[in-house]
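Participant: I need the structure of the sequence given here:
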Amino acid sequence: QLQLVESGGGLVQPGGSLRLSCVASSFSFDAYYIAWFRQAPGKEREGVSCLSTVFGRTNYADSVKGRFTISRDDAKKTMYLQMNNLKPEDTAVYYCAADRVEKLLRPTYDYWGQGIQVTVSS
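Facilitator: Okay, the predicted model is just below:
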């Protein structure tokens, strides 16, 4: 059973930056496809970005392209989401996710973090 624990959320002003981290419990973390999702109040969970295993392919939601960057450090069993030029509409609970099967930005991953709040407000 893979466990994921997020950190790095908080309150930031518009135009600011945050980096989310997600640490995995598995020694075989490099075998997992990973992704970040978010869910704002009253809205469905939205895929933000995903990263494959061997070839490092990335996908981003149109709303975050050019501002967010997903990455992973398999030696540290950690995935990251660097968020720059944050906007109020980025406010949401952010979740990291992992799966042994590639699922891109579909919210059907097998393993999920507990979620962490990101609030963008002046």
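
Participant: use CA for all of it now, contacts and neighbours both
Facilitator: Noted.

Participant: helix/strand/coil for the residue nearest the centre of the chain?
Facilitator: The structure's the chain has its C-alpha centroid closest to residue 36; by Cα atoms, centre = their mean the separation is 2.4 Å. Residue 36 carries the three-state label strand when classified by DSSP: H, G, I helix; E, B strand; the rest coil.

Participant: Tell me what it is bridged to.
Facilitator: The bridge-partner assignment for residue 36, based on DSSP bridges, gives residue 49, residue 96.

Participant: so where do the strands sit in this protein?
Facilitator: 4-7, 10-12, 18-24, 33-39, 46-51, 58-60, 68-73, 78-83, 92-99, 111-112, 116-120 (DSSP state E).

Participant: quick one on the thing from earlier: what's near enough to touch the residue nearest to the centre of the chain?
Facilitator: By Cα atoms under 8 Å, 6 or more residues apart in numbering, the contact set of residue 36 is 47-50, 81, 94-97.

Participant: which one of those residues has the most neighbours?
Facilitator: In terms of neighbours by other Cα atoms under 10 Å, these top out with residue 96 at 30 neighbours.
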